[in-house]
Structures are given as structure tokens and as C-alpha cells.
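Colleague: Could you work out the structure for the sequence below:
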Amino acid sequence: MSLKKNIEYQFTESMQTQQLLQEELSELIEFAAQHIAGALLADKKVLSCGNAASVSVAQYFTSMMINHYQRERPSFPAISLVNDVQMLTTIASTQHYDDIYAKQLRVLGQAGDVILIYNAEGSELNLVKLINTAHDKQISVILLVGENETSLAALLNENDVCLSVPSQSVQRILEAHLLITHCLCDLIDSQIFGNQLI
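Modeller: This next block holds a predicted model:
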């Protein structure tokens with residue numbers, strides 16, 4: 001395959017995935033955004049985390065909640081569980097790697113909060129423990145995964161949302177998670193501060 005064909009393949013596969021995403025997940029994305037906005041309006045907060053490359057998307061979401069997306073507005077209370085490297089390595093070395101997120105959520109999370117969990121690759125026990133901890137604390141989960149990830153989705157309850165990207169490619173899933181994140185940020189702002197023409 002030529003380099004040009006490689007480029008064409010990347011673009012084509014990405015566009016096809018995003019088209020399927022729009023067709024299959026628009027209503028769930030809207031529901032997830034309503035869930036987050038409702039929590040923020042109730043003076044709750046939104047937390048986020050992820051594994052591997054998904055860490056960067058979780059950090060990006062939190063930065064847009066605290067700073068802004070497309071309009072200037074007051075900051076939203078948001079915490080990324082992936083930011084403190086010392087915290088993560090301390091928990092991993094003195095406790096266990098599987099506790100790096102659950103231990104933080106136990107102390108930082110409160111009933112009524114929402115946590116976004118990004119995971120573009122395989123299931124990890126640290127996310128299993130995190131979801132169980134969220135349920136123990138009555139924190140809603142919004143899970144962003146790819147279509148191959150079913151074990152984490154099976155842990156969710158009726159108060160949670162699973163946004164499963166219709167792809168098995170880690171690259172396409174990451175791209176889709178970023179697009180979903182932009183949708184969520186726009187919809188949250190629109191619900192709280194009113195629609196804004198782009």
C-alpha cells in the first residue's frame with residue numbers, strides 16, 4: 001500500500017466510525033450531557049480518569065470544565081484523578097496499582113457526583129474497582145469504551161451511561177472519545193447557560 005493510500009485509509013476509517021457514532025450514540029450522548037449538567041446544577045462535581053492514552057482525554061475534559069469550552073463562563077467543579085503523578089505512584093507502590101483511582105474516589109467523591117471513565121483499550125482491574133467504589137458512594141458512571149469492551153459495561157447500573165464506540169481500533173476509539181467529549185462540553189454549556197450559535 002502506498003503512503004497516499006495509507007492516508008486515505010486513515011481518513012476513510014475515521015469518517016466511517018464517526019458517522020456510525022452519530023447514528024448510534026447521539027441520544028446517549030445527549031442523555032450523558034443532561035446527567036452531568038444536572039449534577040453541576042445540584043452543586044455536585046464531575047470527576048474523570050482513564051488508562052493509557054485515554055489519560056490525556058480525561059485531562060482535556062477536566063481542563064475544559066474548569067477553564068471553558070467555546071464561551072467564557074464560570075468554572076465548573078471538576079477533578080481529574082490522573083493528574084497527580086506522585087499520588088498515583090505512591091498508591092501503586094505502597095498499596096496496589098488496582099487502587100490508584102478507587103482510593104482517590106473514596107475520599108474525593110460524594111453522592112450525586114458523576115465520574116467519566118475513558119478506556120480505549122483492554123479492561124483493567126483498576127477500573128473495575130473504580131466502578132464498584134462509585135456505586136458504593138452513589139456516584140454515577142459515564143463509561144466511554146470501544147465495542148470490544150463488555151466486562152466494564154456489564155458492571156454498570158440503571159443510573160450509569162455507556163458510550164461504546166462502534167470500532168475495535170484503539171486509534172478510532174480515541175478519536176471518537178475526543179469528539180464525544182466536545183459534544184458533552186457543548187451540550188453542558190448549552191443546558192446551563194443557554195444555546196449559543198456557533
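Colleague: Quickly find the element holding I188.
Modeller: Here I188 is covered by helix 170-193, with elements defined by DSSP states H and E.
Colleague: Identify the single longest strand in this structure, thanks.
Modeller: Longest among the strand segments of the chain by residue count, using DSSP state E, is strand 140-146.
Colleague: Averaged pLDDT, that one. What do you get?
Modeller: The average pLDDT for strand 140-146 rounds to 97.
Colleague: I'd like the next helix or strand past the worst-scoring helix or strand of the chain on mean pLDDT.
Modeller: Across the helices and strands of the chain, mean confidence by mean pLDDT, DSSP states H and E is lowest for helix 85-94: a mean of 86. On the C-terminal side of helix 85-94, the nearest following helix or strand under DSSP H and E is helix 102-108.
Colleague: which other helices and strands contact the host helix or strand of Q19?
Modeller: Q19 belongs to helix 3-41 when assigned by DSSP H and E. When contacts are defined as 3 or more C-beta pairs under 8 Å, 6 or more residues apart in numbering; DSSP states H and E, helix 3-41 packs onto strand 46-50, strand 114-118, strand 140-146, strand 161-165, helix 170-193. Heads up, the C-betas are built off the backbone N, CA and C, glycines and all.
Colleague: thinking again about what came up before, got the CA positions of the least confident helix or strand of the chain in CSV?
Modeller: The C-alpha coordinates for helix 85-94 follow below in CSV (Å, rounded to 0.1, in the frame of the first residue of the first chain):
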residue,chain,number,x,y,z
VAL,A,85,1.7,11.5,39.4
GLN,A,86,3.1,11.4,43.0
MET,A,87,-0.3,10.3,44.2
LEU,A,88,-0.7,7.6,41.6
THR,A,89,2.8,6.2,42.1
THR,A,90,2.5,6.3,45.9
ILE,A,91,-0.7,4.3,45.9
ALA,A,92,0.6,1.9,43.3
SER,A,93,3.8,1.2,45.2
THR,A,94,2.6,1.2,48.8
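Colleague: May I see the buried residues of it?
Modeller: Using 16 or more other C-beta atoms under 10 Å as the test for burial, helix 85-94 gives 88, 91.
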